[in-house]
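S.K.: Sharing a model prediction with you, sequence too.
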2 protein chains.
Amino acid sequence: MNALGPKQLGAAFGSSLPLPNDLEPTIESALRYVLENPGSLVRPQIVMQMSLAYSSSEESARDLAIALEYFHTASLLFDDLPCMDNATQRRGIPCVHLIFGESGAILTALALINRAYALAWRAVSSCSPAQQSRGFAYIERYLGVGGLLNGQSLDLNFGALPDNQETTERIALGKTVSLIRLSVVLPAMLGGAPAHHVRLLERIAVCWGLSYQILDDLKDLLQSEAEAGKTVARDLSLGRPNTALAIGIPRANERLRRLIRLGDRALQCLLTRRPDLSFLEDLGNNLRDEAARLPERVYEKEARGEA
Amino acid sequence: MNALGPKQLGAAFGSSLPLPNDLEPTIESALRYVLENPGSLVRPQIVMQMSLAYSSSEESARDLAIALEYFHTASLLFDDLPCMDNATQRRGIPCVHLIFGESGAILTALALINRAYALAWRAVSSCSPAQQSRGFAYIERYLGVGGLLNGQSLDLNFGALPDNQETTERIALGKTVSLIRLSVVLPAMLGGAPAHHVRLLERIAVCWGLSYQILDDLKDLLQSEAEAGKTVARDLSLGRPNTALAIGIPRANERLRRLIRLGDRALQCLLTRRPDLSFLEDLGNNLRDEAARLPERVYEKEARGEA
């Protein structure tokens, strides 16, 4: 029972969407472009570890991990379109729509989504009927109007909302936390985890998901394009939601550290019952490491009065 | 055991995607706009009748019918976008993206798709595990790169292909036949129909699906905007695939009548074993009726040398 490493997950990411021989060349090239350029794959690694810890077979664990990564990748393809974030770079390379057109990017994203539902179905189908229903309802809710889609719609229509922390966190709960919930909570749910554990995992997903978003907001203001591997400082120029813009860099920084701590606390509580989930500590450690790389610049910027 | 009428199906179409209270207003309005304006609902009626004929419960039959109609509706929302067909009218009213923006149309389509997979899963989950696997593989194939998405991509990149009947029918097999297959063949497959019956149903879906497309191609050239309820004569102006443009109106007309007959023949063969499927004759009759309304204009146009 072994979770796959990044290299093996990268191979699974690249090979889990079989392309038929008579596929139209534009969508074929666009799909290859996306499948050959996975992200960091931290999330699918967590999904696999969680699934295996909750007695999933290795095959189902991989199916669920790749399914969620395909959903995530598809959401990025849509987000990057001119009618949404109008981005130019993603995962260190030009956005799909810049090379294969907007229609090419849309059809590629839909192919990923279609395959993702099939993989998710296969992963879920080995569970008991009650867990299947619960799992599918969870997937539907957080990918749909109860999660990701509402978050993206709030994000796009941010101008009509008050620019404060409540708004930015409501958006992050939809856009960012939804997929983290699916990665962390769903495998436990499918494995029949007791309600108390599911609640703790939900708290971890919320705290660390919001942390991840604030970190991204701070990076958007502070990092260079080369470092982030995508188009940056767009939030400011496009009037997009950004907690650090809404409440200032120092308060965003404080909020980030508080959320990381709250997530840690929930995890420590869970680890007293399930010490085998200690791999989740890596998530908190990654957040802390990334946060630790920010402060110097945070204070530099403040000193220069740019924030 | 009763298939729903158009009115009840319209109500089911409108109410099968529950909207949460805190939904962002743009996506909420866009979803209501779409859910309150269903198409003719001929397809979901066939899905229900087929499902009930193959021993599905009424609830599962309705779930599958609405799921397929949501997939279909979502595909229309994408097709109508400026980067695809750039249409202005659909189902007799302005296209979603013209009122709620391209991002609004995309998120609305994704909400329909997400709900459709959930409804399809619910419909399929009451079948035996073997039928579930087969059914999901069929859904995945014909919605994905093996069907609808390949058809749309071929359509968009039509300029790179030879403008002949093989091309236009390859596109129609992907774009049009895929959803008709899912409507006609899938319910039988889920109900454990023998392989011979499935093959006959596939033949019916192909013949009538291609007929439907040729009819649409002829209408695009011949009908006025008000009659068709959507933007017309676009194929000619945009250089889009159209069998009647590729081989001429009279030959397209012949091909249409031949395909309708071939579909009829397959159906008559099936009806000797399953006389209870005689409701499928309505499909052939509708095609024949619509075809019968064309000729006068076909010859008028020819006489004026416009074809």
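M.R.: Cool, the structure landed.
S.K.: now stretch A:221-239: mean pLDDT?
M.R.: Averaging pLDDT along stretch A:221-239 yields 71.
S.K.: and the closest residue to A:Leu98 other than its chain neighbours, backbone torsions?
M.R.: Nearest residue to A:Leu98 in three dimensions, chain neighbours excluded: A:Thr88, at 6.4 Å (CB to CB, 6 or more residues apart in numbering or on different chains). From N, CA and C alone the C-beta is placed, and that goes for glycine too. Main-chain dihedrals, A:Thr88, degrees, to the nearest 10: phi -120, psi -20.
S.K.: tally of neighbours for A:His97?
M.R.: 25 (other CB atoms under 10 Å in any protein chain shown).
S.K.: State the distance from it to A:Leu256.
M.R.: As defined by CB to CB, to the nearest Å, A:His97 lies at a distance of 32 Å from A:Leu256.
S.K.: Also A:Ala120?
M.R.: For A:Ala120 relative to A:Leu256 (CB to CB), the value is 31 Å.
S.K.: do A:Ala65 as well
M.R.: 27 Å.
S.K.: more crowded one of these two?
M.R.: Using other CB under 10 Å, the more surrounded residue of A:Ala65 and A:Leu256 is A:Ala65, with 30 against 25.
S.K.: helix or strand right after the strand or helix carrying the more buried one?
M.R.: Counting by DSSP states H and E, the element that carries A:Ala65 is helix A:58-79. As assigned by DSSP H and E, the chain's next helix or strand after helix A:58-79 is strand A:89-90.
S.K.: Quick one: distance of that following strand to the chain centre.
M.R.: Put simply, strand A:89-90 sits 16 Å off its chain's centre (CA atoms, centre = their mean, to the nearest Å).
S.K.: Please identify the helix or strand for A:Pro20.
M.R.: A:Pro20 belongs to no helix or strand, assigned by DSSP H and E.
S.K.: Nearest residue to A:Ala160 in space, please, no chain neighbours.
M.R.: Nearest non-adjacent residue to A:Ala160, counting by CB to CB, 6+ apart: B:Pro25, 7.7 Å away.
S.K.: That neighbour: neighbour count?
M.R.: 11.
S.K.: Verify the contact between it and A:Leu156 for me.
M.R.: No. Using CB atoms under 8 Å, B:Pro25 makes no contact with A:Leu156, being 11.5 Å away.
S.K.: Give me every residue in the stretch 101-250 of chain A lying close to chain B.
M.R.: With CB under 8 Å from any CB of the partner chain as the criterion, the stretch 101-250 of chain A meets chain B at residues A:101-104, A:106-107, A:110-111, A:113-115, A:117-118, A:121-122, A:125, A:129, A:132-133, A:136-137, A:139-140, A:143-146, A:149-150, A:152-154, A:156-157, A:160.
S.K.: Buried residues of stretch A:17-30, list them for me.
M.R.: By neighbour count on 16 or more other CB atoms under 10 Å in any protein chain shown, the buried set for stretch A:17-30 is A:Leu17, A:Leu23, A:Glu24, A:Thr26, A:Ile27, A:Glu28, A:Ala30.
S.K.: just stretch A:279-299 next, same as before
M.R.: Under the neighbour-count rule (16+ other CB under 10 Å), stretch A:279-299 has A:Leu280, A:Leu283, A:Gly284, A:Leu287, A:Glu290, A:Ala291, A:Leu294, A:Val298 buried.
S.K.: and the fourth one, what is it in contact with?
M.R.: Shown here is A:Leu287, whose contacts under the criterion CB atoms under 8 Å, 6 or more residues apart in numbering or on different chains are A:Trp208, A:Ser211, A:Tyr212, A:Leu215, A:Ile260, A:Gly263.
S.K.: Can you tell me how far it is from A:Val47?
M.R.: Remark: distance between A:Leu287 and A:Val47 (CB to CB) = 18 Å.
S.K.: In three-state terms, label the residue in the stretch 201-307 of chain A positioned nearest to chain B for me.
M.R.: Taking CB to the nearest CB, chain B has its nearest neighbour within the stretch 201-307 of chain A at A:Pro241, 12.2 Å off. Following DSSP: H, G, I helix; E, B strand; the rest coil, we place A:Pro241 in the coil state.
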